[in-house]
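Participant: the following block contains a protein sequence and its predicted model.
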Amino acid sequence: MQEKGLVDFFNEFIENRHIFKNKEALSTTFTPQKILHRGEQIKELARILAPLLRQEKPSNIFLYGKTGTGKTLTARYTSQQMMAVAEERNIPLKVIYINCKIKRTADTEYRLLSYILKEYGKVIPFTGLPTDSVYTKFYQELDAKPHMLLLILDEIDELIKRAGDEFLYNITRVELKKTKVCLVGISNDLNFTDRLDARVRSSMSEEEIVFPPYDANQIFKILADRAQTAFEKEVIEEGMIAKCAAYAAREHGDARKAIDLLRVAGELAERETSKKVTQIHIDQAEEKIEKDKFIDLVENQPLQYKLVLFAILNTPHNKSASTGEIYSIYEQVCKRTNNRPLTQRRVSDIIAEFDMLGVIKATVISKGRYGRTREIDLSIPPLLIAKIKENIMKNLNL
Ligand SMILES: Nc1ncnc2c1ncn2[C@@H]1O[C@H](COP(=O)(O)OP(=O)(O)O)[C@@H](O)[C@H]1O
Ligand SMILES: [Mg+2]
């Protein structure tokens, strides 16, 4: 027996396609036809990489810029165009793109090597082989046929955070007989190279390209272009695209945020079977995105980061905490969860990273002759704190 109410609902859902024409255009994997406002960066990257097509080794490059400034898009677009030329002319070029943030791809040196080997059609066991012998296999495979390898390591700071810089150290130093490797590192974290071994840093960042944030006007144009592909005609109420652009430009010009906002607003309108996307939907979308952002961010942290955050969440919320106070709670949390505590210095660095991610706000206070200390306040919306705590506890088996 079919339930009439539900059947009506599903039928209505199928027929009620007033909002999206091609929702795919608002997904994170979509490559737009036009890349606006990035002509300079694309040209620069192409200029640096072009020697690959003459089978000469180009400089390694770092692409820097805040989230949503078009780094991934630019790197993928430029390498795809290059690959097309290489294929046409039978130039032995191989492009491997790795997003180091994706779980189980680059969280250990072993996994990263095994991922690259897989791209060459070689499968190694999940674990078990000694790292040395994996490297031997890896170099053998690279040098089996002469070619140029363009290795793009996106969100490379995540690789360093999880797996250290050994891989970069080795790959920038190895002398292969036939094959040449060019590295492109991409990062949102402008200070990230400070954490690299000096030798790795200098060989990785022979060239650098900076991606400045978009301004509201540029975001507006990017959005308007995307909305035209994604939405049915006249679905978006007058002025709403400018609203989304302004919202995304408020912190910094993050095109991803703007596109997400438009997608979520459209979904909310669709769910209400509304015929238009209005201010109310945008406001609701903004709230929802803020909430998801913090929850995701916390879920994706490595274990020690979760332990530190849990300690921060367990300081009294009505006053600022000092690094020392957080550290002693952190030590207790480690004890309870059977984890070995890091040094206070390292925890202090982790706290600084949470500051950069906008999870907390740290203010340096001078205590006169007693030196300086940091006062730490949470930036997580109060309604979310309990939810996040609960997530971490589940995760840590507390
Ligand atoms: N200049 C641009 N023109 C069109 N779309 C863009 C542009 N810059 C960014 N986008 C879109 O914004 C989103 C974020 O861009 P992305 O390249 O992933 O940023 P980043 O890697 O710097 O965080 C993607 O959906 C991308 O397609
Ligand atoms: Mg990116």
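Facilitator: Done, it's in. Ligands and ions are numbered 1, 2, ... in the order given.

Participant: what residues does the stretch 201-350 of the chain put near ligand 1?
Facilitator: Contact residues (C-beta under 6 Å from any ligand atom) of the stretch 201-350 of the chain with ligand 1: 222, 255-256, 259. In this view, the C-beta of every residue, glycine as well, is placed from N, C-alpha and C.

Participant: which parts of the stretch 51-200 of the chain are strands?
Facilitator: 61-65, 93-99, 148-154, 180-187 (DSSP state E, counting those that start in this stretch).

Participant: nearest to Asp215, out of those?
Facilitator: When these are compared by C-beta to C-beta, strand 61-65 sits nearest Asp215, at 13.8 Å.

Participant: can you tell me the strand partners of the closest one and which way each runs?
Facilitator: strand 180-187 (parallel), strand 207-211 (parallel) (DSSP bridges).

Participant: ok, back up a step: ligand 1 is nearest to which of the strands of the stretch 51-200 of the chain?
Facilitator: strand 61-65 (5.6 Å; C-beta to the nearest ligand atom).

Participant: thought Thr363 was touching Ser379?
Facilitator: No: the pair Thr363 / Ser379 is not scored as a contact, 11.9 Å apart, by C-beta atoms under 8 Å.

Participant: right, and the helix or strand after whatever helix or strand Asp296 lives in?
Facilitator: Asp296 belongs to helix 279-299 when assigned by DSSP states H and E. Per DSSP H and E, the first helix or strand lying C-terminal to helix 279-299 is helix 303-313.

Participant: tell me which residues in that next one are buried?
Facilitator: Buried residues in helix 303-313, counted by 16 or more other C-beta atoms under 10 Å: 304-313.

Participant: what's the closest of those residues to ligand 1?
Facilitator: Nearest to ligand 1 among the buried residues of helix 303-313: Tyr305, at 20.4 Å, using C-beta to the nearest ligand atom.

Participant: where do the helices sit along the stretch 251-398 of the chain?
Facilitator: 255-271, 279-299, 303-313, 323-336, 344-357, 382-396 (DSSP state H, counting those that start in this stretch).

Participant: domain parsing of this protein, as residue ranges.
Facilitator: 39-211, 214-297, 301-396 (automatic domain parsing).

Participant: as CSV, those with distance to Lys4 and mean pLDDT would be great.
Facilitator: Formatted as CSV, these follow (distance: least, C-beta to C-beta, whole Å; pLDDT from 0 to 100):
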stretch, distance to Lys4, mean pLDDT
domain 39-211, 43, 93
domain 214-297, 18, 92
domain 301-396, 37, 88
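
Participant: out of the ones you listed, which gets nearest to Glu15?
Facilitator: Once the domains of the chain are compared by C-beta to C-beta, domain 214-297 is nearest, at 10.2 Å.

Participant: make CSV out of the strands of the stretch 51-200 of the chain and add mean neighbour count and distance to ligand 1.
Facilitator: Below are the strands of the stretch 51-200 of the chain laid out as CSV (neighbours: other C-beta atoms under 10 Å; distance: least, C-beta to the nearest ligand atom, whole Å):
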stretch, mean neighbour count, distance to ligand 1
strand 61-65, 22, 6
strand 93-99, 18, 9
strand 148-154, 22, 7
strand 180-187, 22, 7
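
Participant: if we compare those, which one ends up closest to Phe30?
Facilitator: Nearest of these to Phe30, taken as C-beta to C-beta: strand 93-99 at 15.6 Å.

Participant: name the helices or strands packed onto that closest one?
Facilitator: helix 71-88, helix 109-119, strand 148-154 (3 or more C-beta pairs under 8 Å, 6 or more residues apart in numbering; DSSP states H and E).
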